[in-house]
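[1] Sequence and predicted model, in that order:
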Amino acid sequence: MSGVHPTLSAPIPPTGPGRLPPGVGIGLKRAHCEALLADPSLVDFVEIHAENFMSAGGPNLILLDRIAEAWPLSIHGVGLSIGGKERLDREHLQRLRRLIDRTSPASFSEHLAWSSHDGVYFNDLLPVVYDTPTLNRVIANINEAQDFLGVRMLLENPSTYVAFSASSWHEAEFLQQIAQSTGCGLLLDVNNLYVSCHNHDWSAQDWLSHIALDLVGEIHVAGHEAIQDADGQTLLIDSHGDPVGQPVFELLEHVISRGGIRPVLVERDNDIPPLSALLQETDQVRQIIGRAACAAVL
């Protein structure tokens with residue numbers, strides 16, 4: 001699938017003072033903060049959800065300052081509603097800008113999704129139609145966000161459960177065109193890709209062949225769960241509440257072998273396990289990166 005390419009374009013805006021190291025990080029949870037701050041060498045970087053640190057002051061920001069001093073920081077937004085039909089929320093952008101100015105993150109990312117309408121914010125990241133009007137709207141929103149925030153954004157591929165008949169673009173080509181038109185990078189969520197490929201009967205290898213992996217600035221891996229839909233078919237849900245599955249690790253290895261080593265984040269947002277369990281998963285990712293590094297020199 002393809003569409004008419006838009007003419008919108010923008011220069012790459014200023015980036016943060018550094019980039020994420022090509023190692024392994026975790027999504028930082030409060031239950032693990034003190035143990036990790038006692039030994040920051042356990043992970044190479046950490047990621048926080050922007051909306052959890054948008055307070056005007058207090059102990060929340062004191063903790064954030066300690067985090068930003070200890071590691072390269074990735075800020076991951078979930079509420080900007082890049083794919084929405086309404087203009088970006090200016091107050092939300094201002095809160096993001098204050099957070100970015102305070103922490104100078106190595107990376108800032110958001111989702112290809114919409115999550116608000118008429119001033120109401122939803123708990124879900126909702127899918128967009130892959131057509132040219134949506135493409136132009138997302139490009140305009142990213143240009144506005146990058147100009148306002150003064151950073152280069154990474155845009156994350158979604159996990160999806162329905163496909164729109166109005167879509168005329170291949171998902172990967174849609175993402176690539178956005179990146180090329182705005183100067184943003186991509187956050188490749190390998191679990192999201194695996195979930196979507198299963199749910200829509202896509203080939204992950206074909207999907208990856210439609211995208212330039214040098215646009216990828218960060219990779220996510222996470223867990224998913226399987227449920228039965230109304231027709232008795234297995235549907236995968238991006239739950240972030242389970243360990244990373246072996247097929248996702250295998251797809252990660254395929255991505256790294258094709259596109260090179262990237263910063264990889266292990267995500268867990270529900271049913272948070274002990275830190276030791278997450279560190280076992282980061283060790284698995286390190287083994288994958290190590291194998292890719294060895295293969296590259298042979």
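    Received, thanks. Remember, predicted model here, so these are calculated numbers, not experimental data. Numbering: from 1, shown residues only.

[2] could you say what helices and strands the biggest helix by length in the chain packs with?
    Criterion DSSP state H: the longest helix present in the chain is helix 275-297. The contact analysis (3 or more C-beta pairs under 8 Å, 6 or more residues apart in numbering; DSSP states H and E) places helix 275-297 against strand 24-27, helix 30-38, helix 246-259, strand 264-266. Every C-beta, even on glycine, is put in place using the N, C-alpha and C of the backbone.

[3] Can you tell me which of the ones you listed is most buried?
    strand 264-266 (a mean of 26; mean count of other C-beta atoms under 10 Å).

[4] quick one: average pLDDT of that strand?
    Mean per-residue pLDDT for strand 264-266: 98.

[5] That strand pairs with which strands, parallel or anti?
    strand 24-27 (parallel), strand 216-221 (parallel) (DSSP bridges).

[6] Looking at these, which is nearest to L126?
    Ranking these by proximity to L126 (C-beta to C-beta) places strand 216-221 first, at 18.8 Å.

[7] Tell me the strands beside the helix or strand containing L187, with direction?
    Element membership for L187 (DSSP states H and E) is strand 185-189. Next to strand 185-189 in the sheet, as set by DSSP bridges, lie strand 153-156 (parallel), strand 216-221 (parallel).

[8] May I see the buried residues of the helix or strand hosting R97?
    Using DSSP H and E, R97 falls within helix 90-103. Within helix 90-103, the residues scored as buried using 16 or more other C-beta atoms under 10 Å are 92, 95-96, 99-100, 103.

[9] any idea which of these is closest to L278?
    When the buried residues of helix 90-103 are compared against L278 (criterion: C-beta to C-beta), the nearest one is T103, at 22.2 Å.

[10] now Q284, nearest residue through space, not along the chain?
    The shortest distance from Q284 to any non-neighbouring residue, by C-beta to C-beta, 6 or more residues apart in numbering, is to F249 (6.1 Å).

[11] For the one you found, give its distance to L208.
    Counting by C-beta to C-beta, to the nearest Å, the gap from F249 to L208 is 16 Å.

[12] thinking again about what came up before, for the strand holding L187, the distance to its chain's centre please.
    Averaging C-alpha positions (C-alpha atoms, centre = their mean, to the nearest Å) puts strand 185-189 6 Å from its chain's average.

[13] Report the mean per-residue pLDDT for that strand.
    Mean per-residue pLDDT for strand 185-189: 97.

[14] Tell me what angle that strand forms with helix 246-259.
    150 degrees (axes from the mean of the first three to the mean of the last three C-alpha atoms, to 10 degrees).

[15] which helices and strands sit right next to the helix or strand following strand 185-189?
    Sequence order places helix 190-200 as the next helix or strand after strand 185-189, per DSSP H and E. Other elements packing on helix 190-200 under the criterion 3+ C-beta pairs under 8 Å, 6+ apart are helix 204-209, strand 216-221, strand 234-237, helix 246-259.

[16] how does it look with 6 Å?
    Applying 3 or more C-beta pairs under 6 Å, 6 or more residues apart in numbering; DSSP states H and E, one finds that helix 190-200 contacts strand 234-237, helix 246-259.

[17] how close does L175 sit to S181?
    11 Å.

[18] okay, these two: which has more neighbours?
    A count of neighbours by other C-beta atoms under 10 Å puts L175 above the other of L175 and S181, at 26 against 21.

[19] which intervals of the stretch 51-200 of the chain have sub-threshold pLDDT?
    The stretch 51-200 of the chain contains residues with pLDDT under 70 at 114-125.

[20] in it, which spans are helices?
    59-70, 90-103, 132-149, 171-182, 190-200 (DSSP state H, counting those that start in this stretch).

[21] how about those in JSON lines, adding distance to I256?
    Shown next, in JSON lines, are those (distance: least, C-beta to C-beta, whole Å):
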{"stretch": "helix 59-70", "distance to I256": "26"}
{"stretch": "helix 90-103", "distance to I256": "28"}
{"stretch": "helix 132-149", "distance to I256": "26"}
{"stretch": "helix 171-182", "distance to I256": "17"}
{"stretch": "helix 190-200", "distance to I256": "10"}
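
[22] Out of those helices, which is closest to G84?
    Among these, the nearest to G84 by C-beta to C-beta is helix 132-149 (7.7 Å).

[23] Give me the angle between the closest one and helix 171-182.
    Using the same axes, to 10 degrees: helix 132-149 against helix 171-182 is 40 degrees.
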